[in-house]
Structure formats: structure tokens, C-alpha cells
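>>> Build me a structure from this.
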Amino acid sequence: MPLTPSLSVSKLALGLVSLAAFPAAWVFVHFLMANKQWCFSDFCVESMGSRRIPVRSSLVVFYCFLLFTGLVAVASKHLPGFRFLLARRVHSRYTLTVGEISWFALVLLVTLVAVPAMIWSPYWNMWASMVANMSSASSSSGHNHGAMQAKNWPWIRIVHQNLILVSGDSLSFLLGLVILPVSKNSFLADFLDLPYNSNMRMHMWLGFTIFWWSMFHLVVTMLAYSVEETPMLELFFKWPANAVWGNMSFLYINGVVSLVFLSVVVVTSLSYVRRKAYNLFYLTHFLIFVSILFAYLHASMCIFYMIPGLCMYAIDGTMRLASRFSPSYIQAVTIEECGLLSVTVSTKSADAARPGQFMRVNIPSVSKLEFHPWSIVKSSKDTVSFLFAPHSSCEKEWSSRVAAAVKGTAALNTVVHLQGPFGKEMALLKDADGMDAIVFYVAGTGIAACIAAVDELLETATSSVPAIHVFWSTRNTNMSSLSWVQKWSAEKVSKRVNLVMFQTCDEQAWLMADTESAALNHRPELKSLLNKHVALQEFGSMELGVFVCGPERFVRDALESVDTFTRHRKGVRVTVEVESYDL
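Numbering: from 1, shown residues only. Alright, predicted model coming up:
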């Protein structure tokens, strides 16, 4: 569905503002370095002339790296062969791609090797010159105070001090990168066609890297100051009394506080916590701004690299906040026999939604703060429909409370706040005309994105429409009663959509709807389904698209099956797209 003119204008405006944030940030940072009165940190890099050149050099590398990343993304967008190379998986059971691994390896190389190597010598000369000045001042004055200070600066301490500075600069570089993928209303992600899952994965990897590099930064700082007379506990963990702000008296305690808040965010971002306590993960993530604040109070340069990302996030946050002032309303609720609930909301914000995208949903009558992602089943000019499953074992869980609230006629016209749509369009649909068959292998509510994609294929059907196979597994019963898939049973449609459903009570027992293939305590592999249902051409090549959506183990087994199938079927080229529950 094409974008409406008004939406095109808003997208263009968003893009121009986002792009302008980068040169504006460059100018603003140099303004800050030239005007110390604008520094509110305890340690202002602007006051140390010896640090300006290394910092400015690393800033140049930062912006050059962003430009390089953008150029690679543009090239992959317009060169199918290059895009296919970057999208290749590095292992049969994992969704990690060559592009993701290569980019992150390059980040580590630049931030942890290249930048430190580039600024090591200027910092070393700075410390060596300082120690030499201590010794010369002691000799000329006849006092031994300077000599005693110089004795506290053996070469190993200079190494430690250098590691403090270069690791701090690297952390600032990483902080500038980690915030860029956060914005969901990101024009750059749309323009560069960056995969949503890849953006989130890079954000997670960068976040964990920042945590461990911060720990390294703390350790080398402690090693450097272990020879000082001030006890370590007092230096790092006690608020200085009668100290003056701006003389680095609060430098260490600010850094420790920043690390503590970062640690909370990292721990609650672990996969297990995200799955079991999403609200805890979501709410504690906002503590990162407290961590950033104390990082800035710790050293001013922390903010230099983050300004573009913070600007983009501010734009994104403003757009999402606006949803609070433009409520939508529930138009219809269908309680499916299989236990799923279908909710239709009247809104104009999903007019341009595409299969594979989602919206963040808030129902104030259930919770004023909680937003949760729901995949879009169908969208039109005035409505959007979702499909969700209430939590089976916890009545206090958000989806269970929503299910209880929307059942019955009283649910109609219930206020809903929507954000989005977010995410990327299902890439397989763009290349559908060149494919011989498309397979959807989904679990649970993963059927939602599948429904939207199949309907899109049927609505835009031509003589060259590929064969469509849907393999759906879920714990729910009466799956065939789902209203969204019943229409595929119509005589004209059933010839074009091959729907095979599985029912499972637990992870070990799977029942195939087709009684001929029914099996207990056995999960059918995707490979066997491909061999049975996908009609392969006897001669020549074949293009096959596979969309997989489900939990981690479900996805891994599917990917392994696809690779095995491909190895045994010469001439078959398979394009795989994955939507994992874990991202």
C-alpha cells in the first residue's frame, strides 16, 4: 500500500531533521570544546589542551565510521549480490549473518584497537612530560616533594594512566554507537533498509561490550591509583567532603555510580529476564539515562559522541509521546475457539503498515504505563487488527488482564494508545515474483505475520504467484477454527494455499492435524515437510523462500533443516527470513 502524501511529507521532514543532527552535533561538540563555561562535568576535557587533539581525532574516526556504514548499507540496498552475501548466515543453526558479524568485528577493531593505537602516543607523551616536570621542579627548588611525587609514577603507572584515558575514549565512542539503533521512528533505518532484528542485536552486543569495557576501565583506574596515599575505598566509594566541583574530586565516585546503574540495566536485559519479566526489563532500561548523566558528570567527553543518537531518540520519543494525545478505540473483539483473541482498533496510523511490522499497544484501563508489541494481522485506511494469546498460567500478566478486559460488549470503544507501525516489511514479499514457492513455518502467535503476508500475496496475485505453504504449530486446540485462516479453506484459495497445522501440549509432544502423519512425542522437521509438500522442479534451478517465526529452539531446528534440505537438493536456492521471539 503506498504512503499517503501527508505521511510522505512527515517522513521527509523526519529524515531531514535526523540527517541534520549529525553535522549539527559536529559543530556543537567543537563549540563545547572551545567554551569551557558550557561544561558542567567534574572533569572537563575542554580544560586540558593536551587532550583536545586526541579527542578531535577520535571524533573524526567516529563520523567516518558512520559514513562508511551508511555507504555499505546503500551499496547492499542496490546490489543484490552484495546484499545476499551480507545476509548469509554464518552457521546453520543461528540467525547471525555475515553482515552482523563483520560490522561488529569492525566496531571492536576500531574502538578497542585502532582508536587506542591512534591516541596512545599523545597521551604517553603527556604523562611522561608531567613526570619529567615533577623531577625538574624538585631539582630546581631543592625540595623533595616533587621527587616523592615522581617516585609514585613508575613506568607501569604511566601505562595504567594511558589505559585509563584510551579506554575512556573508546567507551565514549561505543556510547555514541549504542544509542543509534534505539530509535524506532528512525528515518535512517528506513532509508538504509536496515533489518530491525539486526539493529536490536547490534544494540545488545554494544551494550554488553560497554559494560565489560567499563569494568576494564575501572580495574586499570584502581591499579593506577593503588600507590596513592588515599585509601581505595575512600577514593572510589565515598562522597568527597568539602570538595570543590570541577577539580576532579568527584571523578571516581561519579564513574562508579554510572557503572552501578549500567549494571542494573545490563542484568535486566539478559534474555531470561526479558522473557520472564518484560516489564522489569522495560522500566529499568530507562535507568540508562541516569547512567549517562553520571557518565557525563564523570567526564564531559562521554556526551560528545552521543549527541546525534540522543537527538534522534528525542525525535522518536516525542513522536511516541504524541500517541498519548491521539487515542484510538477498540472496534471489534473476536474470541476464537482456539483460545486466541482478535482485536480490531479504529485508527488511521496503520494505513501504510506492511506484513511483518508491529505496533506497540497500550490499554490505559489495564495499565497506564505498559506498552507491548503486537504483530499486525491486517491494516486498512481506518483500522488495524491484531491477534494475541493470553498468558496461560498467570492472571496478573498483562496479556491476561487485557483478555479479561476486552471480552464482552463493554470492551467496544475502549481507549487504546498505539505507537508505530515499527519494524521492517517482510523481505520475502519484495522478491515474491521471482520465487517458485514460499513457505511459512510459524509457531503460536507467529501466525499473525504469516496471515498478513499470505493475504498480501493473494490480493496481489498474478499468473506468476508462487505456491504458498503454511506450516503452523501451537499448543492451542481447534486451530482450524481460527477465522483468519478459515478463508484459506475456500475452494479457489485452498488450491493456492497449502495449510498444515500441528497441535502440541508440550515441547515434546506434537500432533499433526493431518491424521495420516499424526505422531506423538515427535516433532516433524521442516526438512521432511519441504520434501513432502514442496513440488521440486526436475530440471533447472528453483527459488524457494522460507519465513520462520517462533522461539529460539524452534528457529534453530528450522534453520538446520533448511540447510540440510539445500545440501541434498542441488539447484534449489533458499532465501530464509527469521522473526525470533528472543529479539
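>>> Pull the contacting residues for the residue lying closest to residue 90 once chain neighbours are set aside.
Once flanking residues are discounted, residue 90 sits nearest to residue 96: 5.2 Å by Cβ to Cβ, 6 or more residues apart in numbering. Where C-beta positions appear, they are placed from N, C-alpha and C, glycine not excepted. Going by Cβ atoms under 8 Å, 6 or more residues apart in numbering, residue 96 touches 89-90, 201.
>>> how many neighbours does residue 406 have?
Residue 406: 23 surrounding residues under other Cβ atoms under 10 Å.
>>> typo on my end, residue 199
Residue 199 has 21 neighbouring residues, counting by other Cβ under 10 Å.
>>> Could you do residue 425 as well?
A count of nearby residues for residue 425, using other Cβ under 10 Å, gives 18.
>>> Could you do residue 234 as well?
Neighbours of residue 234 under the rule other Cβ under 10 Å: 12.
>>> Can you give me the pLDDT of it?
Residue 234 is assigned 76 on the pLDDT scale.
>>> now residue 2
The predicted structure scores residue 2 at 39 on the pLDDT scale.
>>> next one: residue 461
So, for residue 461, pLDDT stands at 60.
>>> Offset the numbering so it begins at 8, please.
Okay, using 8 as the starting number, the last item reads as residue 468.
>>> tell me the domain ranges of the protein?
Here the domain parsing of the chain from automatic domain parsing is 12-39+56-327, 333-429, 434-587.
>>> Please identify which helix or strand holds the residue minimising distance to the centre of the chain.
Nearest to the geometric centre of the chain sits residue 207, at 1.4 Å (Cα atoms, centre = their mean). Element membership of residue 207, judged by DSSP states H and E, is helix 203-231.
>>> Tell me the helices and strands packed up against that helix.
helix 105-116, helix 162-185, helix 258-274, strand 579-587 (3 or more Cβ pairs under 8 Å, 6 or more residues apart in numbering; DSSP states H and E).
>>> of all the ones you listed, which lies closest to residue 33?
helix 162-185 (11.8 Å; Cβ to Cβ).
>>> before we move on, back to that, can the contacts of residue 103 go into a markdown table with extra columns for distance to residue 585?
Compiled in a markdown table, the contacts of residue 103 are given as follows (distance: Cβ to Cβ, whole Å):
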| residue | distance to residue 585 |
| --- | --- |
| 96 | 9 |
| 97 | 14 |
| 208 | 11 |
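>>> Which one of those is nearest to residue 351?
For the contacts of residue 103, the nearest to residue 351 is residue 208 (32.3 Å; Cβ to Cβ).
>>> you'd agree the closest one is up against residue 108?
No: taking Cβ atoms under 8 Å as the definition, residue 208 is not a contact partner of residue 108, at 10.4 Å.
>>> And these two? Which one has more around it.
Taking other Cβ under 10 Å, residue 208 and residue 108 do not tie; residue 208 has more neighbours (20 against 14).
>>> any idea how far the more buried one lies from residue 202?
Between residue 208 and residue 202 the distance is 9 Å, computed by Cβ to Cβ, to the nearest Å.
>>> Likewise for residue 407?
Counting by Cβ to Cβ, the gap from residue 407 to residue 202 is 32 Å.
>>> now do residue 116
According to Cβ to Cβ, residue 116 and residue 202 sit 22 Å apart.
>>> For those two, indicate the residue with more neighbours.
With neighbours defined as other Cβ under 10 Å, residue 116 and residue 202 compare such that residue 202 has more, 20 against 11.
>>> State the phi and psi torsions of the more buried one.
Residue 202 has phi and psi values of phi -60, psi 130 when expressed as degrees, to the nearest 10.
>>> helix, strand or coil for the closest residue in space to it that isn't next to it in sequence?
Leaving aside its sequence neighbours, residue 202 sits nearest to residue 431 (Cβ to Cβ, 6+ apart; 5.9 Å). For residue 431, the secondary-structure state derived from DSSP: H, G, I helix; E, B strand; the rest coil is coil.
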